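K.L.:
Got a sequence here, can you build the structure:
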Amino acid sequence: MDIKQFVQDNQELIEAALEDAVPAVSVYPEKLHHAIHYSLFDGAKRIRPVLAIAVAESLGYKAEKVLPAAVAIELAHTGSIILDDLPCVDNSDERRGKAACHKAFGESTAILAACSLLDRLYAVIVEGLQEQNVESEKVLEVVKIISGAIGSGGVVVGQFTDIELQRTELDAKQLEFIHKKKTASMFVAVVDSAAVICEASAEAREALRAYAENLGIAFQLKDDLLDKEQKNEINAVKVYGEEKTAQLEEEFTAKALSALEPLGEKAELLEELATYLKERQR
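P.N.:
Just a heads-up that it's a prediction; the model follows:
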């Protein structure tokens, strides 16, 4: 399989599903919905939802089966980014080469846009998985998984720790904790959600969660290498140096690949995706 083509094809599928998941810009209040579209459709790589689809295909299911959970995690990710950029958090004026949401629409609209996305995701999960005839128990499990990844046991605690430690000399243990919570928790959530929907065994779920956590940390380390000149953010290059950060990215990618061993040949697509993410240049 051409992994680049796989990613591109599924990015297009995800874009269309995201369009259906949020109100059109023409719906009142137009400014709020414009802010949502501005942040949601900004050239994001859609790696988290692509991961869910890769899990589904590896387990013998079609992308559509997990698409509601995949879309939901992207709504959560976008909402968290809007909040992350605010002056009271990371104080970032730009995101992916253009003005951050709060700079383009004002802080109050940005906060409400983030709240709207973080609220909308639950309806997307429930309605979408019901349409896919997923059992109610599995729908509830997916809601629990994604909610846990977003809240004070996941992204929120990662961001809180990030803020608390910005004026201190960060050590390696603290940085890894932030990476696990801010980035890897959503990787784990989307992969585990797909595993639940696709009826993976307990052994396969455990292997996939380990894969996702290590891949999420490797992904963040790669981002830090690509964004090493950023001044306002906690960055692994500032803690480890560039050479050590690159070494750690290799190590966590290797751990992710090793975690897939129980899946045997079914893991081929997930292995290719891990390599693709390691070699990316943006």
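K.L.:
I'd say Glu272 and Ile3 touch.
P.N.:
Yes: Glu272 lies in contact with Ile3 (Cβ atoms under 8 Å); the separation is 4.3 Å. C-betas here are computed from N, CA, C, even on glycine.
K.L.:
which neighbours do the two share?
P.N.:
Common contact partners of Glu272 and Ile3 (Cβ atoms under 8 Å, 6 or more residues apart in numbering): none.
K.L.:
what sits up against stretch 42-52?
P.N.:
6-7, 10-11, 14-15, 66-67, 69-71, 73-74, 77-78, 95-98, 186-187, 190-191, 193-194, 212, 215, 219, 273, 277, 282.
K.L.:
quick one: low-confidence ranges for the stretch 151-282 of the chain?
P.N.:
228-233 (pLDDT under 70).
K.L.:
Can you give me the buried ones in the strand or helix carrying Leu273?
P.N.:
Using DSSP states H and E, the element containing Leu273 is helix 268-279. Within helix 268-279, the residues scored as buried using 16 or more other Cβ atoms under 10 Å are 269-274, 277-278.
K.L.:
what distance separates it from the centre of its chain?
P.N.:
Put simply, helix 268-279 sits 16 Å off its chain's centre (Cα atoms, centre = their mean, to the nearest Å).
K.L.:
Restrict it to CA atoms and write it as CSV.
P.N.:
Extracted C-alpha coordinates of helix 268-279, given in CSV (Å, rounded to 0.1, in the frame of the first residue of the first chain):
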residue,chain,number,x,y,z
GLU,A,268,1.5,-3.6,8.6
LEU,A,269,-0.5,-0.5,7.8
LEU,A,270,0.0,0.9,11.3
GLU,A,271,3.8,0.2,11.0
GLU,A,272,3.9,2.1,7.7
LEU,A,273,2.0,5.0,9.2
ALA,A,274,4.5,5.2,12.1
THR,A,275,7.4,5.4,9.7
TYR,A,276,5.5,8.0,7.6
LEU,A,277,5.0,10.2,10.6
LYS,A,278,8.7,9.9,11.6
GLU,A,279,9.9,10.9,8.1
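K.L.:
I'd say Arg205 and Ala195 touch.
P.N.:
Yes: using Cβ under 8 Å, Arg205 is in contact with Ala195, at 4.7 Å.
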